[in-house]
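Asks: Provided below are the primary sequence and the corresponding predicted coordinates.
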Amino acid sequence: MKEETEKLDDCWNRVGVWAYSVSRCERLKDVVHCRNCEVFIAAGKQILERELPPGYQQENLAILAGTNTASPQDCVSIIIFRLGAEYFSLPANVFETVTESRPVHRLPHVNNPYVKGVVNISGEVCLCHSLMTVLAVDDCFDESEEKERHAYKRMIIVNLDEGRYVFPVDEVKGMARYRPAQLTSAPATIDDEIHKLIRGTFQYEDDRVAVLDVDGLHRMLHVESP
Amino acid sequence: MLFLQFIIDKTRYVLATGSIMEVVPLVPLQKQPNAPAHIAGLMNYRGSSLPVVDLGQLFAGRDAVLRLSSRIVVVNVVLPDQETRNIGLLLEKSTEILKMDEGGFIEPGIENSQAPYLGKVIMDGQGMLQLISPENILSTMDIELLFPAPSGRR
């Protein structure tokens, strides 16, 4: 108990990056910034060693006592991304990485409409498919609005049934969870082929998000691949 | 594999995250008079009553220190009669999830029949970590106390 009440040595203010003194900590050579340093990290964790604030336990009681509707196991984790003006999602477990947008090198004499070209993903040459073409999404989105919202174009790298696919998307919104019961079927007005690729839609915040079918997508792209 | 680390009296232990249902913050517990000291009490877990085992009592012979870093971990245990039940474990200083290679765990070289929940150990830069198997935390006596078999089954 005694060690916890000892005063913290705020070396980051004394000889670290927030210090005014000329002498600098030896560790800075290796870690560059105090926030990368073990000492600073350990000190930060000390915050969690505080006494419980009054009412803390009661507050948690109210949260935990609530009869939770769904256990986390019933939920499906997905990552939501935007194409044009529409939101789509794929299960989080098929995602390999999300990277910034990279130049796509077009392949001449490839008549597959879905293949955009090849792209360099950390040194590996990968085929890049256009989900926009697959899902027939219009590319009519106001770009100025995107800049205002700080939306960035990304590339998502997904593993569909052992096949690696790269898709450029207009924005990756983040992760979300839904319960299968929440899904409603996609509007019947859309094309039959595309309808098969969408398992359903659900409401996420202000938007309607379509959940893509992994197997369907893989089958479609795989068959069409040369 | 991912492991949840907790520290009791400067000794570091880990729980495999696979057995963990949920990590919840501290809540007031319903004390159980005359129960063994390591049964911290019952908690209201989403409307059901969940027994909570105080690992401070079990590992250090004193109540777990209640700080912001102390948490209750809800784990799934398979009882000897093959029934799966949830119990809560009251931990101290559990602020970190570690990513470690499962193959790095070695036999500790000591078998303590008094503490069957102590499992294999792994070394890292700061010393040793010992794996805790939640299955063995409850003794036969605890199981009879907390999950009494309906009459006629025994």
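Replies: Cool, got the structure. Numbers count the residues shown, from 1 in each chain, chains lettered A, B, ... in the order given.
Asks: who's in contact with A:Lys196?
Replies: Residues near A:Lys196 by C-beta atoms under 8 Å, 6 or more residues apart in numbering or on different chains: A:213, A:216. All C-beta spots, glycine's among them, are computed from the backbone N, C-alpha and C.
Asks: separation between it and A:Gln182?
Replies: 20 Å (C-beta to C-beta, to the nearest Å).
Asks: And for B:Met141?
Replies: 45 Å.
Asks: Equivalent analysis for A:Ser23, please.
Replies: With distances taken as C-beta to C-beta, A:Ser23 is found 59 Å from A:Gln182.
Asks: before we move on, the earlier item: B:Met141 and A:Gln182: which has the busier surroundings?
Replies: A:Gln182 (16 against 9; other C-beta atoms under 10 Å in any protein chain shown).
Asks: so A:Lys153 touches A:Glu171, yeah?
Replies: Yes: with contacts counted by C-beta atoms under 8 Å, A:Lys153 reaches A:Glu171, the gap being 7.1 Å.
Asks: Who has more neighbours out of these two?
Replies: Set side by side, A:Lys153 and A:Glu171 show more neighbours around A:Glu171, with 18 against 14, by other C-beta under 10 Å.
Asks: so who does the more buried one touch?
Replies: A:Glu171 makes contact with A:81-82, A:146, A:151-154, according to C-beta under 8 Å, 6+ apart.
Asks: Swap in 7 Å and give it another go.
Replies: A:81-82, A:151-152, A:154 (C-beta atoms under 7 Å, 6 or more residues apart in numbering or on different chains).
Asks: Could you measure from the closest residue to A:Val134 other than its chain neighbours over to A:Asn13?
Replies: Nearest residue to A:Val134 in three dimensions, chain neighbours excluded: A:Tyr114, at 5.5 Å (C-beta to C-beta, 6 or more residues apart in numbering or on different chains). Distance from A:Tyr114 to A:Asn13, counting by C-beta to C-beta: 57 Å.
Asks: Write out the residues of chain A neighbouring chain B.
Replies: Within chain A, the residues that sit near chain B (C-beta under 7 Å from any C-beta of the partner chain) are A:45, A:48-52, A:57-58, A:60-61, A:64-65, A:67-68.
Asks: which of the residues you listed has the most neighbours?
Replies: Going by other C-beta under 10 Å, A:Leu64 tops those with 20 neighbours.
Asks: Surely that residue touches B:Leu50?
Replies: No: judged on C-beta atoms under 7 Å, A:Leu64 makes no contact with B:Leu50 at a distance of 9.7 Å.
Asks: count of neighbours near A:Arg164?
Replies: 13.
Asks: So what touches the host helix or strand of it?
Replies: In the assignment (DSSP states H and E), A:Arg164 maps to strand A:163-169. Under the contact criterion C-beta under 7 Å, 6+ apart, strand A:163-169 has outside partners A:81-83, A:101, A:119, A:121, A:126-129, A:131, A:153-158, A:218, A:221-222.
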